[in-house]
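Visitor: This is a predicted model, with the sequence first.
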There are 2 protein chains.
Amino acid sequence: MSYSISKKFAGMKPSATREILKVTSQPGMIAFAGGSPAVDAFPCEEVKTLANEILNEDPVSALVYGVSEGYQPLRDTVKKWLKERENVGGDGDTVLITAGGTQVMDLASRVLASEGDTVICEEPSFVGSLNCFRSHGFKLKGVPIDDDGMNIEKLEEVIKANPDAKFIYTIPNFQNPGGTTLSLEKRKKMYELAKENNLVIVEDNPYGNLRVAGEDVPAIKSFDTEGIVVYAGSFSKILAPGIRVAYAVVPNKMAPAFTIAKQVSDVHTGVINQMIISRWFDEYDVNAHIEEIKKIYRKKLNLMCDALDEYCKDFITYVRPEGGLFIWAKLPDNVDMISYVKRLLDFKVAVVPGSSFMIDDTAPCQYIRLNFSTPSDENIVKGVKIMGEVAKEFIK
Amino acid sequence: MSYSISKKFAGMKPSATREILKVTSQPGMIAFAGGSPAVDAFPCEEVKTLANEILNEDPVSALVYGVSEGYQPLRDTVKKWLKERENVGGDGDTVLITAGGTQVMDLASRVLASEGDTVICEEPSFVGSLNCFRSHGFKLKGVPIDDDGMNIEKLEEVIKANPDAKFIYTIPNFQNPGGTTLSLEKRKKMYELAKENNLVIVEDNPYGNLRVAGEDVPAIKSFDTEGIVVYAGSFSKILAPGIRVAYAVVPNKMAPAFTIAKQVSDVHTGVINQMIISRWFDEYDVNAHIEEIKKIYRKKLNLMCDALDEYCKDFITYVRPEGGLFIWAKLPDNVDMISYVKRLLDFKVAVVPGSSFMIDDTAPCQYIRLNFSTPSDENIVKGVKIMGEVAKEFIK
């Protein structure tokens, strides 16, 4: 036999992060390599109560086919909640429920671009999204990030150089892996550039609710008068990721195509999953829950940053993020990043090589990504201390 | 603004069936247009017990990220069960868990073909799969079906005429909408043709467990010595569709690409959904459950066929299926099918126009698809009686 794998898939590699996750689940490993929210923050009791109520009161509704757009009560709730909380979505927009945030990137990819088209993104960026775009056969063009997010002058250059670009992919809040937040001024400039150049903006905001310092910055979607922004948010970080429920806010005129894309992908998101979230809003105070879990994230973020300042002072530089799950840590120029990552594994500390988040993941890179939400408070300090110890071997 | 929708999506229309489903949920409608399994067959009590146990004993495992390949205990269980029950899957194959059966078609599309390639399928065929293939920009080439499934001479012609074909899509058991089952002889011939012509076979078997008469026919996958068959099965019809759990059995050498395709689509299927199915096998007798629900399907299938024989004798011709959910009913040549379907709606009976299942859905078509699993026993008889009454208006 001699069938062949499609061209767009032939060169694909599994996400380095998810491959590393397999190693990090080994016993005794201090996992700074994950991307999972803190398990202490999962509302386990609430989910149990909700699932029980649903399956007692209305099991058939939870088990029959649903519609592709999503469970209507949840769509209504999310629409209202987003409007109140973030001023996102209005009469010109449609809320669709998806199976996790990555699916929004996949639906947008299907609907907005074709094999060979260009997608513009921050570099570094979330490897899951980059791989999604790669799997559609898109060319990726990266724009470097400053401390306040994507460099807008560079963005303008990249747009000019790539007239076949279809959309800009951005994670404006606590970027993964960069940790940076795009300033309001830059958000407005990005929007103007998109408008002038017939580009859609795909605004991916999985971490926006996990702000632990500073002030919220308005979503790009909140000033989308032209209907050119696709906004993605998720319950993975505020409820739990295993439940796989997220949402897209898309301009009405794109909604039919997004609905078909969802239909041909998986028909609809699991109904019980959607009903659990819908009832969570009905019976609990979700905003109060978010304030509660922020305390966990604030503590862990500060714990890791303080430990880095203490134990890795002369070795690692970083910008303290105001939220999210990650710290983007730079090693000295004369250190071989991969050797350091491998050496850390000998001491049972797992971090992600920064190159995983680059468009060309074979180019030299001095960064590593550290996650502070998964490890215990104790392991955060212990792990960073080990990082500092191992660093001594690398300081020439 | 003037972004444009991708070429492959610009001409897409929502699935006629799912659009009709919206009409059929109107109060008082007798729904022969659905495709849902019988709600009486859902193991509601079991699902409640299982969900409760999982969320009591191990809520964190149910809520954290899973791996893209699927929940390992479920993968192991499905592998063993399929081998015992259908002789499907061996050392050369990998079992992956997906979010419903449609996702297997989507993953296969991503991995096996590129925009512009040809896919060969039965005509008529399941509109959900056809739309999935269309959404990837594939050309569809149909092969007519006989009473014992795809016409193999025609298949050979279509293969010869389309050297750019990448795979054959077939629903061998109780085909949707045709109701036919592919004979063993034809399965073997199809396999030989695929082998000789470097084609993959995507064997979609959502209904195989719902046989109510006759003898099981071995799956094509059961004699796949070359590793060229992708097999899809689902829990939608034996547990319930809203839970969105299905499985793919893929040759090992394709498994890495399928895993990446799953990863970039939705990362993984909901963990609690997978754990419910996994525990269902551990704590209940799934094979016995299947035998129980077959009684419901047997009764409904015979009820509808007997009613058609009594009330629509001179108007509708069909082949009595040996299982599945559908009857493919042919109207007399001089009857305008769409007018009949519309007139039935006036009398609150909803059926699907057969044209929905054709590659060119604007070409003339004398068929309608009837579903017997969704309506109550009473409504089956009542609806078919109405069909017979309305038929009188159309008999010239």
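Guide: Perfect, I can see it now.
Visitor: thought A:Ala62 was touching A:Asn56?
Guide: No - look at A:Ala62 against A:Asn56 with Cβ atoms under 8 Å: they stay out of range, at 10.3 Å. In short, each C-beta sits where N, CA and C put it, glycine included.
Visitor: So which of these two has more stuff around it?
Guide: Higher neighbour count among A:Ala62 and A:Asn56: A:Ala62, with 27 against 11, using other Cβ atoms under 10 Å in any protein chain shown.
Visitor: Find me the pLDDT at that one, would you?
Guide: Listed pLDDT for A:Ala62 reads 96.
Visitor: quick revisit: what touches both of A:Ala62 and A:Asn56?
Guide: Common contacts of A:Ala62 and A:Asn56 (Cβ atoms under 8 Å, 6 or more residues apart in numbering or on different chains): none found.
Visitor: Which residues are in contact with A:Thr317?
Guide: Residues near A:Thr317 by Cβ under 8 Å, 6+ apart: A:329-330.
Visitor: can you give me the strands for chain A?
Guide: A:30-31, A:93-98, A:118-123, A:139-146, A:149-150, A:165-170, A:200-204, A:229-234, A:246-251, A:326-330, A:349-350, A:352-353, A:367-371 (DSSP state E).
Visitor: name the helices or strands packed onto the fifth one?
Guide: The reference is to strand A:149-150. Packing partners of strand A:149-150 (3 or more Cβ pairs under 8 Å, 6 or more residues apart in numbering or on different chains; DSSP states H and E): helix A:184-196.
Visitor: For B:Ala108, see how far away the nearest residue to A:Ala161 once chain neighbours are set aside is.
Guide: Computed as Cβ to Cβ, 6 or more residues apart in numbering or on different chains, the closest residue to A:Ala161 that is not its neighbour in sequence is A:Lys141, at 7.7 Å. Using Cβ to Cβ, to the nearest Å, we find A:Lys141 at a distance of 30 Å from B:Ala108.
Visitor: higher neighbour count, those two?
Guide: Neighbour tally, A:Lys141 and B:Ala108, criterion other Cβ under 10 Å: the higher count belongs to B:Ala108, 29 against 19.
Visitor: From chain A, how far out is the more buried one?
Guide: Counting by Cβ to the nearest Cβ, to the nearest Å, the gap from B:Ala108 to chain A is 10 Å.
Visitor: Now do the same contact list for that residue.
Guide: Residues counted as contacts of B:Ala108 (Cβ under 8 Å, 6+ apart) are B:167, B:200, B:202, B:230, B:248, B:258.
Visitor: Can you give me the pLDDT of the third one?
Guide: This points to B:Val202. 98.
Visitor: same thing with the first one?
Guide: pLDDT, B:Phe167: 98.
Visitor: Near A:Gly178, how many other residues are there?
Guide: Neighbours around A:Gly178, by other Cβ under 10 Å: 30.
Visitor: filter the contacts of B:Ala108 down to the ones close to chain A.
Guide: Restricting these to those near chain A by Cβ under 8 Å from any Cβ of the partner chain leaves B:167, B:200.
Visitor: Drop anything exposed from the contacts of B:Ala108.
Guide: Buried positions within the contacts of B:Ala108, assessed by neighbour count (16 or more other Cβ atoms under 10 Å in any protein chain shown), are B:167, B:200, B:202, B:230, B:248, B:258.
Visitor: Which member of those residues is positioned nearest chain A?
Guide: The nearest member of the buried ones among the contacts of B:Ala108 to chain A, counting by Cβ to the nearest Cβ, is B:Val200 at 5.1 Å.
Visitor: Would you mind measuring from that closest one to B:Leu112?
Guide: Taking Cβ to Cβ, one finds B:Val200 at 6 Å from B:Leu112.
Visitor: joint contacts of those two?
Guide: When contacts are counted by Cβ under 8 Å, 6+ apart, the set common to B:Val200 and B:Leu112 consists of A:3, B:166-167, B:230.
Visitor: what's the farthest-apart pair in the residues you listed?
Guide: For the shared contacts of B:Val200 and B:Leu112, with distances taken as Cβ to Cβ, the pair at the greatest spread is B:Lys166 and B:Val230 (11.5 Å).
Visitor: can you list residues touching both of those two?
Guide: With Cβ under 8 Å, 6+ apart as the test, B:Lys166 and B:Val230 both reach B:112, B:200.
Visitor: just the helices in the stretch 201-350 of chain A please.
Guide: A:255-266, A:271-283, A:286-311, A:337-346 (DSSP state H, counting those that start in this stretch).
Visitor: Can you report how many residues lie near the residue lying closest to A:Val217 once chain neighbours are set aside?
Guide: Excluding the flanking residues, the one nearest A:Val217 by Cβ to Cβ, 6+ apart is A:Leu184, at 5.2 Å. Residues lying near A:Leu184 (other Cβ under 10 Å) number 15.
Visitor: Surely A:Leu184 and A:Glu215 touch.
Guide: No - proximity of A:Leu184 to A:Glu215 does not meet the contact threshold set by Cβ under 8 Å, at 9.8 Å.
Visitor: and the gap between the residue nearest to A:Val217 and A:Lys221?
Guide: For A:Leu184, the distance to A:Lys221 - Cβ to Cβ - is 13 Å.
Visitor: low pLDDT regions in the stretch 1-150 of chain A?
Guide: Within the stretch 1-150 of chain A, the stretches with pLDDT under 70 are A:1-2, A:14-22, A:24-25.
Visitor: which residues of it fall in helices?
Guide: Counting by DSSP H, counting those that start in this stretch, the stretch 1-150 of chain A has helices at residues A:7-10, A:16-24, A:44-57, A:59-63, A:72-86, A:101-112, A:127-135.
Visitor: what's the most buried one of those?
Guide: Among the helices of the stretch 1-150 of chain A, ranked by average contacts under mean count of other Cβ atoms under 10 Å in any protein chain shown, first place goes to helix A:101-112 (a mean of 28).
Visitor: And that helix, how far out from the chain middle?
Guide: In this view, helix A:101-112 has its centroid 13 Å away from the chain centroid, taken as Cα atoms, centre = their mean, to the nearest Å.
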